[in-house]
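Asks: starting from these lines, generate the structure:
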Amino acid sequence: MPEAELNAWMADHVPGFEGPVSLHRLSGGQSNPTWRVDAASGQYVLRQKPVGNVLPSAHQVDREFRVMQALAGTDVPVPKVHALCTDPVVMGSMFFVMEYLPGRTLFDPRLPDMTPDERARTFDAMNQAIAAISTVDPQSVGLGDYGRQGGYVERQIARWTKQYRASETHQIKAMDALIDWLPRHQPTRPEEVRLSHGDYRLDNLIVHPTEPRVLAVVDWELSTLGCPYADFAYNVMVWRIEPGLFRGLGGVDLTGTGIPSEEDYINLWCRRTGRERPDDFDFYVILGLFRLAAIIQGIARRALDGTASDARAAEMGRMAGPLAEIAWEMVPKR
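Replies: So this is what the prediction gives:
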């Protein structure tokens, strides 16, 4: 690893830094390799764009850096970011360095090691953080030019259709059906423009080591200006996905667990953000499942190309078809 080059760069760009450094790969991070940097001055986290050929418009760690920098001081919990490096000489690709927050990454939304009260408070904290994102005024935090104004849903359908086709390894009939259905059934109401995280899930949160409290929302590479309903629905789709497929609650008996029902979770977000639930909210959940399937198909493609950042990428890639089928089953067949 280029630890000598990184040490020199951090000495020049990270306030208070003292070396030497050592790098330790963190688990997860299917898309962008993530490292813990240990140094005499403390611990840091480094998020890096994958080295090698990647899909157009993907892995934009510079956007992650910008949005977290802009959100400092808002109600959205984010890590403190230190510096961005666009010179590939240092690490082989663009990266940024942020603070290290000791905490938990919770992958199983059933939260098997928690009490019902802890589960309820964890889901409440997750809801509170996405509500905070959904109410940020982009202009007020310097993100008014962070994406295009309006037309988000239409662009998402087009973008993920294109990304899926570029990553396609075999035919998935449900994806083909969704690619036909989505553009013909998108909502026609004017879109409210708000900041969109783009991949808001439980496992993209850093939770306090012992308390059911969100310390930070991470993995902002898909963030842009978008539709708050679509962004929130991506979080809600966990209730539609079976645990054996991909970190879901689908089919789980939630009685006595402390985990809210999908309906209660949606209503809580609506109360916190002052919004009404639209009659066609399921469209946004279907779109979220389609996007996730396309993202996972991209992981499968990178596994074949040898550029995946995680050894489990090929295994994950097999989830794209079942996720698309869940989405297609939600489509009204009339």
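Asks: outside of the host helix or strand of residue 326, which residues touch it?
Replies: Assigned by DSSP states H and E, residue 326 falls within helix 320-330. When contacts are defined by CB atoms under 8 Å, 6 or more residues apart in numbering, helix 320-330 is touched by residues 172, 174-175, 177-178, 181, 240-241, 245-246, 250, 282, 285-286, 289-290, 292-294, 296-297, 300. The C-beta positions use only the backbone N, C-alpha and C, and glycine is treated the same way.
Asks: now do the buried residues in it.
Replies: Using 16 or more other CB atoms under 10 Å as the test for burial, helix 320-330 gives 320-328.
Asks: now for whichever helix in the chain runs longest, which elements pack on it?
Replies: In the chain, taking DSSP state H as the definition, the longest helix is helix 281-305. Packing contacts for helix 281-305, counted by 3 or more CB pairs under 8 Å, 6 or more residues apart in numbering; DSSP states H and E, involve helix 152-167, helix 173-181, helix 228-236, helix 313-317, helix 320-330.
Asks: please identify the most buried of these.
Replies: helix 228-236 (a mean of 24; mean count of other CB atoms under 10 Å).
Asks: chain center to it: distance?
Replies: Its chain's C-alpha centre and that of helix 228-236 lie 11 Å apart, by CA atoms, centre = their mean, to the nearest Å.
Asks: please apply the same query to stretch 171-191.
Replies: With CA atoms, centre = their mean as the basis, stretch 171-191 stands 21 Å off its chain's centre.
Asks: so for it, mean pLDDT?
Replies: For stretch 171-191, mean pLDDT is 95.
Asks: end to end on it, go ahead and measure it.
Replies: Distance between the two ends of stretch 171-191: 33 Å, counting by CA to CA, to the nearest Å.
Asks: can you check stretch 247-264 too?
Replies: Its start and end residues considered, stretch 247-264 measures 20 Å (CA to CA).
Asks: what comes into contact with it?
Replies: Under CB under 8 Å, 6+ apart, the answer for stretch 247-264 is 107-111, 114-120, 123, 201-203, 236, 238-243, 268, 326.
Asks: buried sites along that stretch?
Replies: 247-250, 257-260, 262.
Asks: give me the subset of these that lies in strands.
Replies: The strands in this structure, assigned by DSSP state E, contain none of these.
Asks: tell me the contacts of the closest residue to residue 128 other than its chain neighbours?
Replies: Nearest residue to residue 128 in three dimensions, chain neighbours excluded: residue 272, at 6.8 Å (CB to CB, 6 or more residues apart in numbering). Residue 272 makes contacts with 127-128, 131, 135, as judged by CB under 8 Å, 6+ apart.
Asks: helix, strand or coil for residue 272?
Replies: On the three-state scheme (DSSP: H, G, I helix; E, B strand; the rest coil), residue 272 is labelled helix.
Asks: swap in the one 5 residues further on?
Replies: Reduced to three states with three-state DSSP, the structure at residue 277 is coil.
Asks: wait, it sits on residue 270?
Replies: Yes. Residue 277 lies in contact with residue 270 (CB atoms under 8 Å); the separation is 5.4 Å.
Asks: the more surrounded of the two?
Replies: Applying other CB atoms under 10 Å to residue 277 and residue 270 shows that residue 270 carries more neighbours, namely 16 against 12.
Asks: how much space between the more buried one and residue 282?
Replies: With the distance defined as CB to CB, to the nearest Å, residue 270 ends up 15 Å from residue 282.
Asks: give me the mean pLDDT for the longest helix of the chain.
Replies: Across helix 281-305, pLDDT averages out at 90.
Asks: tell me what angle that helix forms with helix 173-181.
Replies: For helix 281-305 against helix 173-181, the angle by axes from the mean of the first three to the mean of the last three CA atoms, to 10 degrees is 130 degrees.
Asks: now helix 281-305: buried residues?
Replies: Neighbour-count burial for helix 281-305 flags 281-303 (criterion: 16+ other CB under 10 Å).
Asks: what about stretch 27-36, how long is it end to end?
Replies: The separation between the terminal residues of stretch 27-36, taken as CA to CA, is 10 Å.
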